[in-house]
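[1] Below: sequence and its predicted model.
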Amino acid sequence: MSSFRFPSQERLAVGLTRVLRRNGLSNGNAVVLNRRPNPFKSTFPTEIVTCHNGPGHETLRLFVKYRTGGFDGVFGHRRDISYEAKVYRKVLQPLHVSTPTFYGLYKDDESGAEGLIIEYLPRGSPASWSRDPQAMTRSARWIGRFHAANEKRVHDARLQFLRRYNAEYYRGWARRTNLLFGQLNSRFPWIPPICTSFQRLIPRLLRAPETIIHGEFFGSNIVYQNGMSWPVDWQSTAIAVGEIDLAALTHSWPKKVVQKCEREYARARWSGRAPDGFEDTLELARV
């Protein structure tokens, strides 16, 4: 990311004008009034841009995430911003859920720079940092409803671009974990047996009901604002068991918080009664 160069203000204005006109949000040239770095850490280069988009239109605050050629795809787990743009258009927009407004992809023909443009939520903070004690349970409710809404969409032909977790995907994580840490047997003697056991249990994950998942549903990827959860960073969206998102959300949290999130998730996804095998699937998702 250190070699990445943000586009000039003039080139950025040209790109924003194109995107906003496509959305019917501009009747003139966009003028960049201010741009500043994203205060939170991100995998991609990001910035916050304030612009005016022509007579009769209000000032917009935008969050721009840029594509880089050398970003870490994490063995194919994470995709680029073009993939994320498809998720916004084809998965999220039809559901009308609380996610930042997606405006489009910015492309600078001169430099080749490409950016994903979404709404900036100025009063939000990561859910895992919020002082609101309900931030995590409300996020569990959000993802439970999202999973319920998407169970029937996993076979939609328009969504077949989504990555689907298969046996090789799961085996890859066990194999790499064993390779990286298995030799440290004196310090971590439990790692090789865990990896072996997990691989034997992969068929259980493949038999469990699938849905569309966020893929990295940690509290740091959820903007919490005014009592509402607004998940962002959809570049790892996939088709898999929903329990993976719940495991990510509750990772490293106190037991009481975890239990509250699990109950709220079950209420949201299944009206309170989780199906048989839910707890086993969740434990495998945690592994």
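    Happy to help now that I have it. In this text the structure is predicted, and so the values were computed from the model without any measurement. Residues are numbered from 1 along each chain as shown.
[2] Three-state assignment for the nearest residue to residue 234 once chain neighbours are set aside, please.
    Spatial nearest neighbour of residue 234, excluding adjacent residues (C-beta to C-beta, 6 or more residues apart in numbering): residue 87 at 4.3 Å. In this view, the C-beta of every residue, glycine as well, is placed from N, C-alpha and C. Classification of residue 87 by DSSP: H, G, I helix; E, B strand; the rest coil places it in helix.
[3] and residue 87, how many neighbours?
    Residues contacting residue 87 under the criterion other C-beta atoms under 10 Å number 24.
[4] Then residue 234?
    Residue 234, neighbours per other C-beta under 10 Å, totals 24.
[5] and the gap between it and residue 214?
    7 Å (C-beta to C-beta, to the nearest Å).
[6] in what helix or strand does the closest residue to residue 144 other than its chain neighbours lie?
    Nearest residue to residue 144, sequence neighbours excluded (C-beta to C-beta, 6+ apart): residue 268, at 3.0 Å. Using DSSP states H and E, residue 268 sits within helix 255-270.
[7] sorry, back to before: run through the residues that contact the residue nearest to residue 234.
    Residue 87 makes contact with 162, 234-235, 237, according to C-beta atoms under 8 Å, 6 or more residues apart in numbering.
[8] Among those, which one lies nearest to residue 66?
    Nearest to residue 66 among the contacts of residue 87 is residue 235, at 12.5 Å by C-beta to C-beta.
[9] can you list the contacts of residue 87 in CSV and add pLDDT, secondary structure and distance to residue 75?
    Formatted as CSV, those follow (pLDDT from 0 to 100; DSSP: H, G, I helix; E, B strand; the rest coil; distance: C-beta to C-beta, whole Å):
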residue, pLDDT, secondary structure, distance to residue 75
162, 97, coil, 17
234, 97, coil, 19
235, 95, coil, 14
237, 98, coil, 16
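[10] Between all of the residues you listed, which two are separated the most?
    Top of the distance list for the contacts of residue 87 (C-beta to C-beta): 162 and 235, 11.7 Å.
[11] residues near residue 146, how many?
    Around residue 146 there are 26 other residues, counting by other C-beta under 10 Å.
[12] what's the answer for residue 184, then?
    10.
[13] Now name the helix or strand holding it.
    Residue 184 belongs to no helix or strand when assigned by DSSP H and E.
[14] and which of the contacts of residue 87 is nearest to residue 6?
    The nearest one, if we look at the contacts of residue 87 relative to residue 6 and count by C-beta to C-beta, is residue 235, at 19.4 Å.
[15] quick one: the helices in this structure?
    9-22, 81-86, 135-150, 167-181, 191-207, 243-250, 255-270, 278-286 (DSSP state H).
[16] Which one of those lies nearest to residue 36?
    Of all the helices of the chain, it is helix 9-22 that lies closest to residue 36, at 12.4 Å by C-beta to C-beta.
[17] what's the closest one packed up against?
    On a contact count with 3 or more C-beta pairs under 8 Å, 6 or more residues apart in numbering; DSSP states H and E, helix 9-22 meets strand 31-37, strand 46-52, strand 59-66, strand 102-107, strand 114-119.
[18] Which pLDDT value belongs to the closest residue to residue 250 other than its chain neighbours?
    Once flanking residues are discounted, residue 250 sits nearest to residue 258: 4.4 Å by C-beta to C-beta, 6+ apart. With respect to pLDDT, residue 258 scores 97.
[19] again with residue 76
    Note on residue 76: pLDDT of 78.
[20] quick one: low-confidence parts of the stretch 51-200 of the chain?
    In the prediction, the stretch 51-200 of the chain carries residues with pLDDT under 70 at positions 54-57, 70-72.
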